[in-house]
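Q: predicted model and sequence below, questions to follow.
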Amino acid sequence: MIVSPCISICKTDPLTGYCYGCGRSNEEKKIWKDKNTSEKWKEENLKEIQKRLNGWQLESFKESYEHKVKVGISIFKKENLK
């Protein structure tokens, strides 16, 4: 099962329409939640959203997403639960 790319930094860039945290559009977020969405689509979308991010934003996403996959919670959310 492919883990959602949400890293709990949910703010949308008004110019691009993409989330600052995960790089997804609102429509893509809805598709991720749909139980009928294929793992193949999710896999491809993960690649696509990482192309939208760059510099510190991409590095932050990769670090937090990797942590979420391993531990089950994003770094940002973990810090806020303390």
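A: Structure's in. What do you need?
Q: ok, which stretches of this structure are helices?
A: For the chain, the helices defined by DSSP state H cover 26-33, 39-52, 55-71, 75-80.
Q: now distance to Y18, mean neighbour count and mean pLDDT too, for the ones you listed, in TSV please.
A: Bear in mind the C-beta positions are built from the backbone N, C-alpha and C, glycine included. As requested, those are exported to TSV (distance: least, C-beta to C-beta, whole Å; neighbours: other C-beta atoms under 10 Å; pLDDT from 0 to 100):
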stretch	distance to Y18	mean neighbour count	mean pLDDT
helix 26-33	9	14	97
helix 39-52	6	14	97
helix 55-71	10	14	94
helix 75-80	17	14	72
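Q: go through the ones you listed and name the closest to I7.
A: Taking C-beta to C-beta, helix 55-71 is the member of those nearest to I7, at 4.1 Å.
Q: list of residues touching that closest one?
A: 3, 5, 7, 20-23, 50, 53, 73-76, 78 (C-beta atoms under 8 Å, 6 or more residues apart in numbering).
Q: OK, contacts around the residue positioned nearest the centre of the chain?
A: With distances taken as C-alpha atoms, centre = their mean, the residue of the chain nearest its centroid is P5 (2.6 Å). Residues near P5 by C-beta under 8 Å, 6+ apart: 22-24, 32, 45-46, 49, 61, 65.
Q: rerun that using 6 Å as the cut-off
A: If you count contacts by C-beta atoms under 6 Å, 6 or more residues apart in numbering, P5 has them with 22, 46, 65.
Q: which one of those is nearest S38?
A: L46 (12.7 Å).
Q: if I look at that closest one, how far off is L15?
A: Separation of L46 from L15 (C-beta to C-beta, to the nearest Å) stands at 23 Å.
Q: please apply the same query to V3.
A: 28 Å.
Q: the more surrounded of these two?
A: Between V3 and L15, V3 has the larger neighbour count (other C-beta atoms under 10 Å), namely 13 against 6.
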